[in-house]
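Chemist: need a 3D model of the sequence below.
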Amino acid sequence: MRKINLSISGCMGRMGQQLIKSSKKNRSFKLVSLTENRLINKKIAGIKPIKNSVDAFKRSNVIIDFTVPKCTLEILKIASKLKKRVVIGTTGFSKKEENLIKKFSRKIPILKAGNMSLGVNLLMYLTEIASKSLGNNFLSKVYEVHHKHKVDYPSGTALMLGKGIADGKNKNFYNLIGRKYFNKKSFPYAKKINFNSIRKGEVVGEHEVRFSSGKEIIKLNHESFDRALYSEGALTAATWLMSKKAGLYSMRDLLNFK
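Modeler: Got it, this is the predicted structure:
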């Protein structure tokens, strides 16, 4: 079987490092390039990292990107010229940036997910079902915990879960975003969806959705223990994307959740 030529952007980041480890263990992939936004004077996995460019990605079949929104859009601009597939694990996009990603997806296949875990994507699916079933008699909120190094909040996964709540109610997610709390011991329910983000230690990831009627509370949660969960999911996404035409896909498409 012919190997998939892989490029990893943000190779010095936590997920970049994990992706390198997982890709070296996966016989379906050949790592051909690594990129970073600063000069790196050493080889990583036998490859000298360079900045995002046509030269960086010209040999690649697929690019996996876990960076920051500005970098992701730079990569998509290059990838669209070269007709390369892109798996996006970056989070924290604005509404305008989300629309730009949709525009690029008209030219190339893109799979974008705030979380590459099977369990988390199942949690989102269950959140949507619960939100639809419980209706407007229940208020909801989202809680998440990540390691102290994570900058953006709420996490991309927390926002995914919020969107699941909104989709279940057939409402626009952006109109339902409530207050965004940071490191609070407790936070309230509201008519909109409130979020609370905790940053501590080296926690890989915990997420919980709560629905309350005032008389009962329903909790849906997921806890991650190993970052390889996300890198292996991203490699699965990259393999799946190889057979797809231009378009914007999600892990839900890959997992065939209806």
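Chemist: what about Arg38, how many neighbours?
Modeler: Using other CB atoms under 10 Å, Arg38 has 7 neighbouring residues. C-betas here are computed from N, CA, C, even on glycine.
Chemist: and the closest residue to it other than its chain neighbours, how many residues sit next to it?
Modeler: Nearest residue to Arg38 in three dimensions, chain neighbours excluded: Met12, at 7.9 Å (CB to CB, 6 or more residues apart in numbering). The number of residues packed near Met12 is 15, by other CB under 10 Å.
Chemist: and Gly119, how close does it get to Lys191?
Modeler: 29 Å (CB to CB, to the nearest Å).
Chemist: comparing these two, which residue is more hemmed in?
Modeler: Gly119 (14 against 10).
Chemist: so which residues of the stretch 101-250 of the chain form strands?
Modeler: For the stretch 101-250 of the chain, applying DSSP state E, counting those that start in this stretch gives strands covering 109-112, 139-146, 177-182, 193-199, 205-212, 217-224, 247-249.
Chemist: and those strands as CSV, adding mean neighbour count and distance to Met124?
Modeler: As requested, those are exported to CSV (neighbours: other CB atoms under 10 Å; distance: least, CB to CB, whole Å):
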stretch, mean neighbour count, distance to Met124
strand 109-112, 24, 14
strand 139-146, 24, 11
strand 177-182, 16, 16
strand 193-199, 21, 14
strand 205-212, 20, 9
strand 217-224, 14, 9
strand 247-249, 17, 15
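Chemist: make TSV from those strands and add distance to Ala79 to it.
Modeler: Shown next, in TSV, are the strands of the stretch 101-250 of the chain (distance: least, CB to CB, whole Å):
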stretch	distance to Ala79
strand 109-112	8
strand 139-146	28
strand 177-182	30
strand 193-199	31
strand 205-212	27
strand 217-224	28
strand 247-249	13
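Chemist: any chance of these in JSON lines, with mean pLDDT and distance to Glu36 too?
Modeler: JSON lines is the format used below for the strands of the stretch 101-250 of the chain (pLDDT from 0 to 100; distance: least, CB to CB, whole Å):
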{"stretch": "strand 109-112", "mean pLDDT": "98", "distance to Glu36": "21"}
{"stretch": "strand 139-146", "mean pLDDT": "97", "distance to Glu36": "22"}
{"stretch": "strand 177-182", "mean pLDDT": "97", "distance to Glu36": "28"}
{"stretch": "strand 193-199", "mean pLDDT": "97", "distance to Glu36": "24"}
{"stretch": "strand 205-212", "mean pLDDT": "97", "distance to Glu36": "24"}
{"stretch": "strand 217-224", "mean pLDDT": "96", "distance to Glu36": "25"}
{"stretch": "strand 247-249", "mean pLDDT": "98", "distance to Glu36": "26"}
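Chemist: out of those strands, the one nearest Asp65 is which?
Modeler: strand 109-112 (9.5 Å; CB to CB).
Chemist: looking at it, the residue nearest to Arg38 is touching Lys42, isn't it?
Modeler: No - using CB atoms under 8 Å, Met12 makes no contact with Lys42, being 10.4 Å away.
Chemist: domain map for this structure?
Modeler: Per automatic domain parsing, the domain ranges recorded for the chain read 4-112+227-255, 118-224.
Chemist: state the distance from the closest residue to Pro154 other than its chain neighbours to Phe66.
Modeler: Leaving out its chain neighbours, the residue that sits closest to Pro154 by CB to CB, 6+ apart is Phe195, at 4.1 Å. According to CB to CB, Phe195 and Phe66 sit 21 Å apart.
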